[in-house]
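A.B. asks: sharing a model that was predicted from the sequence below.
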Amino acid sequence: MTQSIKEIKTRLFDPQFHDPAYLAALRDDTRSGVKTLIAQYEKQQIKQQQLIAKSNEMSVFERAAYAKGVRFIAGLDEVGRGPLAGPVVAAAVILPKDCQILGLNDSKQLSQKKRDALFVEIHNHAIAIGMGVVSNDEIDRLNIYQASRLAMKIALEDLAVTPEYLLVDAMTIDTAIEQQSLIKGDARSTSIAAASIIAKVYRDNLMVDYHQTYPYYGFDKNAGYGTKNHLDGLKDHGICPIHRKTFAPVKQYL
């Protein structure tokens, strides 16, 4: 009996589907709806292969470390260097050796929906996740670069499992653990990308919470960055307790 378009779609897009003979038979089906489904399926398969290739490419540094006998690798990244308000947040993530989470990338290159989904998936798979939060007052005291390094160190110390090797985005941190600094590491390493996503989602949610207390600056939309809405809020209402006083143009309102 000929299957309905709905039945074909359900089978074809089942994550466990792998039946070349069935797919070949569908190609002989002259219905336009079936031809559309096959085109969608093939497009999905191409995208899936691209994601697998990207994941393999981004696991080069991890594989090199595992080849040396390392068991636990932590990726570290921070977010929030550029905003005019709020903390800088870092994350440290240890993923299992054979873990492949497709779609990992620099958090800034992902949509909020994709980041949120990956945030959950990373939490479901990670061996350990550590967080480091350094306040705007500490940023003003230390400078943003040193505050970022401190946030990473705090995130590292927050891990429930001690890593044997670190992959760090674009800087080195104060630790005796062997580390490798990677420029644009959040787009080159799965471990750093995972840390980037965890830190980004955590900080964005934190800024949404701050918006409830300080509603004049659009923190729920701009995460503290200097958007027009934020600058207008500064002009009309002055600074609030989470603004970074050493950052221009905040300091002109002191």
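C.D. replies: Looks like it arrived, so ask away.

A.B. asks: isn't residue 130 up against residue 75?
C.D. replies: No: judged on CB atoms under 8 Å, residue 130 makes no contact with residue 75 at a distance of 10.8 Å. (Glycine included, C-beta is placed from N, CA and C.)

A.B. asks: looking at the two, which has the bigger crowd around it?
C.D. replies: residue 75 (29 against 23; other CB atoms under 10 Å).

A.B. asks: quick one on the thing from earlier: intersection of neighbour lists for residue 130 and residue 75?
C.D. replies: 92, 93 (CB atoms under 8 Å, 6 or more residues apart in numbering).

A.B. asks: state the distance from the residue nearest the centre of the chain to residue 55.
C.D. replies: The chain has residue 197 as the residue nearest its centroid, 1.6 Å off, counting by CA atoms, centre = their mean. Distance, residue 197 to residue 55, by CB to CB, to the nearest Å: 14 Å.

A.B. asks: between those two, what contacts are shared?
C.D. replies: Common neighbours of residue 197 and residue 55 (CB under 8 Å, 6+ apart) are residue 104.

A.B. asks: can you show me the strands along this protein?
C.D. replies: Secondary structure of the chain (DSSP state E): strands at 73-79, 88-94, 128-134, 165-169, 179-182.

A.B. asks: how about the residue nearest to the centre of the chain, what does it touch?
C.D. replies: Contact analysis of residue 197 by CB under 8 Å, 6+ apart lists 104, 107, 110, 115, 118, 119, 122.

A.B. asks: one more time with 7 Å
C.D. replies: Shown in contact with residue 197 (CB atoms under 7 Å, 6 or more residues apart in numbering): 107, 115, 118, 119, 122.

A.B. asks: so residue 104 makes contact with residue 188?
C.D. replies: No: if you go by CB atoms under 7 Å, residue 104 and residue 188 don't touch, sitting 10.9 Å apart.

A.B. asks: neighbour-wise, which of these two wins?
C.D. replies: Ranked by neighbour count (other CB under 10 Å), residue 104 and residue 188 place residue 104 first, with 28 against 18.

A.B. asks: apart from its neighbours in sequence, what residue is nearest that one?
C.D. replies: Distances taken as CB to CB, 6 or more residues apart in numbering put residue 193 closest to residue 104, at 4.1 Å, once the chain neighbours are dropped.

A.B. asks: report how many residues lie close to the one you found.
C.D. replies: There are 30 residues near residue 193, going by other CB under 10 Å.

A.B. asks: thought it was touching residue 184?
C.D. replies: No: taking contacts as CB under 7 Å, residue 193 lies outside contact range of residue 184: 10.6 Å.

A.B. asks: that older thread, shared neighbours of residue 104 and residue 188, anything?
C.D. replies: Residues touching both residue 104 and residue 188 by CB under 7 Å, 6+ apart: residue 58.

A.B. asks: I'd like to know how far residue 227 sits from residue 89.
C.D. replies: Taking CB to CB, one finds residue 227 at 19 Å from residue 89.

A.B. asks: list the buried residues for the helix ranked longest in the chain?
C.D. replies: What stands out as the longest helix in the chain, according to DSSP state H, is helix 32-57. Neighbour counts over helix 32-57 (16 or more other CB atoms under 10 Å) mark 34, 37, 38, 41, 51, 54, 55 as buried.

A.B. asks: kind regards, and thank you for your time.
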